[in-house]
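J.: pasting the sequence and the predicted coordinates here, then a few questions.
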Amino acid sequence: MTDDDFYASLNDDNEIAFTQVVEMLDSKLRENIASLDDRDDPRYFQQDYMNKVVAAAGALEVDEIANFDVPPIQHDFSGAYDEFSLALQRFVMKVSLRKVRTGKVYSVELSAADKERVHGYVKKIRNILEGADLDERKRNSLYAKLNAFDADVDRARTPFNNAMLMALDVAYVAKAYGEALNPLSDLVKRINDLLASAKSKEPEAAQLPPPEQKKKLPPPPKQIEGPKLSRDLDDDIPF
């Protein structure tokens, strides 16, 4: 994979994308240091690593890391590098834990029986598409989405992203091509119902959190009225 392909494949979430970049740069740093002799100085590679990580943090708006200064090697580089590494480890751990918890919310654990049923529905959808009068390019696109979803079903937890892409595309084709592909809508509904039923049985930790309650602004403070001036005072003013 080229660098351009790697960067194009990064997650849409900036923080998760940053951890992906860090993982790639970590791997390169280990390779570079492993290539050194015992007498070689690893600080040049470490400085280059710091510089690239900080640049990535700036591009992805990860302020916790982007605000680090990359020191010259001649100064107390080792101390600054150690501090940077610890801060980076803390951040990556925080994002990794958030990713795991979010992944549970947007996925479902299927029983062996449910997985078998879903695979059966996918097979029926494939058979219908094979016999349908579809543009070959569209058929291949549908197959790709079905294959991605079918593979997800065999994972420990089935994520919803490929399931949704498959369902939307198949439902659209069923509607666009009319009566001949009507059975597809029923099969998609059965898959959705099965996933929804399995999700409803999971504990609250795997469900969507309640929306944040917006704090109400406090009422404006009462104005303290000063003493009222009497019009009678005007009579006492000599000018």
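T.: That came in fine, so what should we check first?

J.: I'd say Val62 and Leu88 touch.
T.: No. Counting by Cβ atoms under 8 Å, Val62 stays clear of Leu88, with 10.0 Å between them. Using the backbone N, CA and C atoms, a C-beta is placed for each residue, glycine as well.

J.: hey, where'd the helices end up in this structure?
T.: Ranges of helices in the chain, per DSSP state H, are 3-8, 14-34, 43-59, 63-66, 77-105, 112-131, 136-153, 161-176, 182-200.

J.: can you list these in JSON lines and add mean pLDDT?
T.: Output for these, formatted as JSON lines (pLDDT from 0 to 100):
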{"stretch": "helix 3-8", "mean pLDDT": "85"}
{"stretch": "helix 14-34", "mean pLDDT": "93"}
{"stretch": "helix 43-59", "mean pLDDT": "94"}
{"stretch": "helix 63-66", "mean pLDDT": "92"}
{"stretch": "helix 77-105", "mean pLDDT": "86"}
{"stretch": "helix 112-131", "mean pLDDT": "94"}
{"stretch": "helix 136-153", "mean pLDDT": "92"}
{"stretch": "helix 161-176", "mean pLDDT": "88"}
{"stretch": "helix 182-200", "mean pLDDT": "91"}
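
J.: redo these as JSON lines? Include mean neighbour count.
T.: Formatted as JSON lines, the helices of the chain follow (neighbours: other Cβ atoms under 10 Å):
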{"stretch": "helix 3-8", "mean neighbour count": "10"}
{"stretch": "helix 14-34", "mean neighbour count": "16"}
{"stretch": "helix 43-59", "mean neighbour count": "18"}
{"stretch": "helix 63-66", "mean neighbour count": "15"}
{"stretch": "helix 77-105", "mean neighbour count": "14"}
{"stretch": "helix 112-131", "mean neighbour count": "15"}
{"stretch": "helix 136-153", "mean neighbour count": "16"}
{"stretch": "helix 161-176", "mean neighbour count": "17"}
{"stretch": "helix 182-200", "mean neighbour count": "15"}
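
J.: ok, Ser107 touching Phe160?
T.: Yes. The pair Ser107 and Phe160 passes the contact test of Cβ under 8 Å, sitting 6.3 Å apart.

J.: of the two, which one has the most company?
T.: More neighbours surround Ser107 than the other of Ser107 and Phe160, with 21 against 17 (other Cβ atoms under 10 Å).

J.: show me what contacts that one?
T.: 157-160 (Cβ atoms under 8 Å, 6 or more residues apart in numbering).

J.: domain assignment for this protein?
T.: 3-105, 108-206 (automatic domain parsing).

J.: centre of the chain to the last one, how far?
T.: Distance, stretch centre to chain centre, for domain 108-206: 22 Å (Cα atoms, centre = their mean, to the nearest Å).

J.: stretch 53-61 too?
T.: Using Cα atoms, centre = their mean, the offset of stretch 53-61 from its chain centre is 17 Å.
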